[in-house]
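**Q** would you be able to build a 3D model of this:
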Amino acid sequence: MRAPRVLTALATAALVAAAPMPFAGSSGNAHELPDPPAGDISENVEFVANVQLPATAIGMVFDGDVAFITTAAGLFSYDISDPTAPALLGSLPYYIWENEDMTYDAERKLLFVSRDPRGFTGIVAPASLRFFGQVEIFDVSNPRVFVPVNAFTLPAGHTTTCVSGGEGPCDFTWTGGPYGTEQLGDPYGRPIYSTDITDPRNPVPCPEPINMGLMPDGGTGYAHDVQVDADGIAWVSSEGGIHGYWTYGEHLDPTTGETRVATGCDPVPYGGGVTPTSATPSRFMHNAARPTYLSIPDDEDSVGHVLLATEEDTSTNCAASGRFATYDLRSSLDGSGFTSPETFELDALDSWTPEGAEGATGCASAHYFEDRGDALLTYAFYGQGVRFLDVSDPRDIRQVGYYRPNGGNAFASYWHDGHVYVADVGRGMDVLRLTDDAGEDVGTGEGAQLRTVEAPAIDGALLDAATLYDERTGYTCRLPLGG
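**A** This next block holds a predicted model:
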């Protein structure tokens with residue numbers, strides 16, 4: 001389980017990267033806003049700042065006035081107490097692929113980095129070496145320094161997610177992806193590998209993988225990522241659809257009719273299933289969220305039963321796949337998505353893509369999104385930039401704002417303290433602010449009051465000019481040109 005040589009190297013790099021100084025958020029005055037970049041930006045999106053860190057930003061997590069940023073070139077921490085002028089705190093330069101959706105234990109101040117089997121043993125490793133990945137744990141209680149705590153290998157590593165076992169916010173990590181290597185005997189579609197990290201210095205792998213055998217043909221699909229909702233249900237997005245699991249507490253298992261205790265190693269199925277081909281043809285589901293407050297208008301029984309989900313597919317046109325979709329979970333709560341994947345499909349409510357939905361804007365797959373808590377999403381669509389989507393009626397997804405800079409490649413965007421932070425592998429970190437027609441901040445609950453907007457067409461030459469694709473994944477999950 002240990003990786004002492006890697007850990008020693010990271011320890012040395014961490015100590016060189018930044019001096020161990022205490023941190024206190026700055027309180028400087030806001031700076032004058034810069035001119036926005038060339039591109040297409042709706043009038044209600046204000047450009048606040050850009051930080052051109054190594055332009056391979058992939059994801060972020062936040063702790064108060066600190067943003068931790070993961071890039072293909074290493075880890076960074078920034079003081080964002082003044083959003084107009086983010087200030088570098090610390091860095092740890094080393095090659096990371098891909099660590100999408102970086103996870104963080106705010107209680108113990110631990111940052112978890114996922115190393116993909118395709119990149120852990122070298123930049124885009126050959127298939128013969130793609131049989132293990134790694135999860136690294138850093139103590140960032142002083143955000144200026146990334147202090148290595150541990151590193152352990154396992155048969156996956158594209159993403160890893162903190163999952164509660166009932167004792168703390170991060171008792172387990174659930175790690176998934178990418179595709180397996182058949183010649184080495186592991187599953188072609190890697191499942192979820194759960195690890196007990198109650199003691200981060202002594203991680204304990206769970207006996208059996210999770211999310212097995214849920215493809216329509218009974219096989220195991222590529223489990224890409226996990227998101228945990230406000231009720232503690234962990235949602236696994238995979239090639240076989242989206243499936244939710246209780247990870248702690250006593251719950252009825254709909255697949256057996258028995259009540260039992262859920263754990264991070266032995267979760268209890270909740271709901272979900274295969275996503276219908278009519279809404280999302282490729283069925284490669286990338287990430288998902290179940291807002292526990294969200295409902296279908298005029299349907300009180302639907303509260304908490306709406307699922308928001310990304311289908312990623314960068315190899316085809318958006319009219320066919322790579323869409324954002326909404327689903328009604330209620331028909332899946334009897335466990336049919338687990339017991340009958342060959343016949344059961346989730347009930348689709350609506351789907352959306354930049355292409356053809358709100359003006360002929362071109363094509364780019366959906367990627368990561370974040371719900372602000374009032375059905376207003378900030379959503380990354382690669383070269384189609386950030387889209388602000390109102391899902392207050394999940395049967396009618398509306399675009400209410402957009403930010404599409406030329407040369408951008410947005411992987412993820414996040415709400416934080418009234419601003420939106422964008423991880424862009426072409427631009428670094430962008431900071432935005434969404435306003436209403438009068439230029440005021442859009443407060444909680446006002447997303448539904450924003451008008452629908454259309455984005456102009458984009459020049460196709462501006463899309464995807466600096467990326468190459470990994471054919472092994474069906475062009476899913478893009479690699480930065482040159483590493």
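**Q** only C-alpha atoms for contact and neighbour calcs from this point on.
**A** Fine.
**Q** any idea how far residue 370 is from residue 160?
**A** According to CA to CA, to the nearest Å, residue 160 stands 17 Å off from residue 370.
**Q** of the two, who's got more company?
**A** Higher neighbour count among residue 160 and residue 370: residue 160, with 32 against 18, using other CA atoms under 10 Å.
**Q** residue boundaries of the strands in the stretch 201-350 of the chain?
**A** When assigned using DSSP state E, counting those that start in this stretch, the strands of the stretch 201-350 of the chain occupy the ranges 204-205, 223-228, 233-238, 241-246, 250-253, 258-261, 268-273, 285-289, 306-311, 324-328, 347-352.
**Q** TSV for those, including mean neighbour count?
**A** Formatted as TSV, the strands of the stretch 201-350 of the chain follow (neighbours: other CA atoms under 10 Å):
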stretch	mean neighbour count
strand 204-205	17
strand 223-228	27
strand 233-238	28
strand 241-246	28
strand 250-253	17
strand 258-261	12
strand 268-273	27
strand 285-289	27
strand 306-311	25
strand 324-328	25
strand 347-352	20
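**Q** and those strands: which comes nearest residue 81?
**A** With CA to CA as the measure, strand 223-228 is the member of these nearest residue 81 (27.0 Å).
**Q** contacts made by the closest one with the rest, please.
**A** With contacts defined as CA atoms under 8 Å, 6 or more residues apart in numbering, strand 223-228 is touched by 158-161, 163, 174-178, 189-192, 211, 234-240, 285-289.
**Q** what about 6 Å?
**A** 159, 176-177, 191, 234-238, 286-287 (CA atoms under 6 Å, 6 or more residues apart in numbering).
**Q** check these and tell me the two furthest apart.
**A** Farthest-apart pair in the contacts of strand 223-228 is 177 and 234; separation 16.2 Å (CA to CA).
**Q** before we move on, back to that, could I get the strands of the stretch 201-350 of the chain in CSV, plus columns for distance to residue 86?
**A** Supplementary listing: the strands of the stretch 201-350 of the chain in CSV, determined by distance: least, CA to CA, whole Å:
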stretch, distance to residue 86
strand 204-205, 38
strand 223-228, 28
strand 233-238, 33
strand 241-246, 36
strand 250-253, 44
strand 258-261, 45
strand 268-273, 40
strand 285-289, 28
strand 306-311, 30
strand 324-328, 31
strand 347-352, 33
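**Q** okay, the ones you listed in TSV with mean pLDDT next?
**A** Below are those laid out as TSV (pLDDT from 0 to 100):
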stretch	mean pLDDT
strand 204-205	98
strand 223-228	96
strand 233-238	97
strand 241-246	97
strand 250-253	98
strand 258-261	97
strand 268-273	98
strand 285-289	96
strand 306-311	96
strand 324-328	96
strand 347-352	94
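**Q** looking at the ones you listed, spot the one closest to residue 456.
**A** strand 347-352 (16.4 Å).
**Q** tell me the strands beside that closest one, with direction?
**A** strand 324-328 (antiparallel) (DSSP bridges).
**Q** starting at the chain centroid, how far to the strand it pairs with?
**A** 17 Å (CA atoms, centre = their mean, to the nearest Å).
**Q** mind checking which of the strands of the stretch 201-350 of the chain is nearest residue 340?
**A** Taking the strands of the stretch 201-350 of the chain one by one with CA to CA, strand 268-273 is closest: 8.9 Å.
**Q** distance between the closest one and the chain's centre?
**A** Using CA atoms, centre = their mean, the offset of strand 268-273 from its chain centre is 20 Å.
**Q** other SSEs contacting that strand?
**A** strand 241-246 (3 or more CA pairs under 6 Å, 6 or more residues apart in numbering; DSSP states H and E).
**Q** quick check: angle from the strand it packs on to strand 223-228?
**A** Interaxial angle, strand 241-246 versus strand 223-228 (axes from the mean of the first three to the mean of the last three CA atoms, to 10 degrees): 40 degrees.
**Q** strand 241-246 vs strand 285-289, what angle?
**A** 40 degrees.
**Q** contacts for strand 241-246?
**A** Outside strand 241-246, the residues that reach it (CA under 6 Å, 6+ apart) are 233-236, 267-275, 285.
**Q** hang on, the earlier thing: in a markdown table: the contacts of strand 223-228, plus distance to residue 399.
**A** Converted to a markdown table, the contacts of strand 223-228 look like this (distance: CA to CA, whole Å):
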| residue | distance to residue 399 |
| --- | --- |
| 159 | 29 |
| 176 | 31 |
| 177 | 31 |
| 191 | 34 |
| 234 | 28 |
| 235 | 25 |
| 236 | 26 |
| 237 | 24 |
| 238 | 26 |
| 286 | 21 |
| 287 | 20 |
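**Q** just the residues you listed now: which is nearest residue 70?
**A** residue 159 (12.3 Å).
**Q** quick check: pLDDT value at that closest one.
**A** We note a pLDDT of 96 for residue 159 in this prediction.
**Q** before we move on, what about the one 5 residues further on?
**A** On pLDDT, residue 164 comes in at 91.
**Q** spit out the contact partners of it.
**A** Contacts of residue 164 (CA under 6 Å, 6+ apart): 170-171.
**Q** so how far is residue 246 from it?
**A** 10 Å.
**Q** and of the strands of the stretch 201-350 of the chain, who's closest to residue 377?
**A** strand 306-311 (10.1 Å).
**Q** each with direction, which strands does that closest one pair with?
**A** Here, using DSSP bridges, strand 306-311 pairs with strand 285-289 (antiparallel), strand 324-328 (antiparallel).
**Q** assign the residue positioned nearest the centre of the chain to helix, strand or coil.
**A** In the chain, the residue lying closest to the centroid (CA atoms, centre = their mean) is residue 101, at 3.9 Å. Using DSSP: H, G, I helix; E, B strand; the rest coil, the structure places residue 101 in coil.
**Q** now swap in the one 3 residues further on and tell me
**A** For residue 104, the secondary-structure state derived from three-state DSSP is strand.
**Q** residue 99: neighbour count?
**A** 22.
**Q** meant to ask about residue 390
**A** Going by other CA under 10 Å, the residues that sit close to residue 390 add up to 26.
**Q** now do residue 367
**A** Using other CA under 10 Å, residue 367 has 27 other residues around it.
**Q** spit out the contact partners of the residue nearest to the centre of the chain.
**A** residue 59.
**Q** hmm, back to that, residue 414 is nearest to which of the strands paired with strand 306-311?
**A** strand 285-289 (13.9 Å).
**Q** quick one, that closest one and strand 233-238 angle?
**A** Orientation check (the same axes, to 10 degrees): strand 285-289 against strand 233-238 gives 160 degrees.
**Q** so how far is residue 151 from residue 397?
**A** Distance, residue 397 to residue 151, using CA to CA: 42 Å.
**Q** wait, isn't residue 313 in contact with residue 353?
**A** No. The pair residue 313 / residue 353 is not scored as a contact, 11.8 Å apart, by CA atoms under 6 Å.
**Q** which residues of the protein fall in helices?
**A** Secondary structure of the chain by DSSP state H: the helices cover 4-17, 117-120, 336-339, 354-357.
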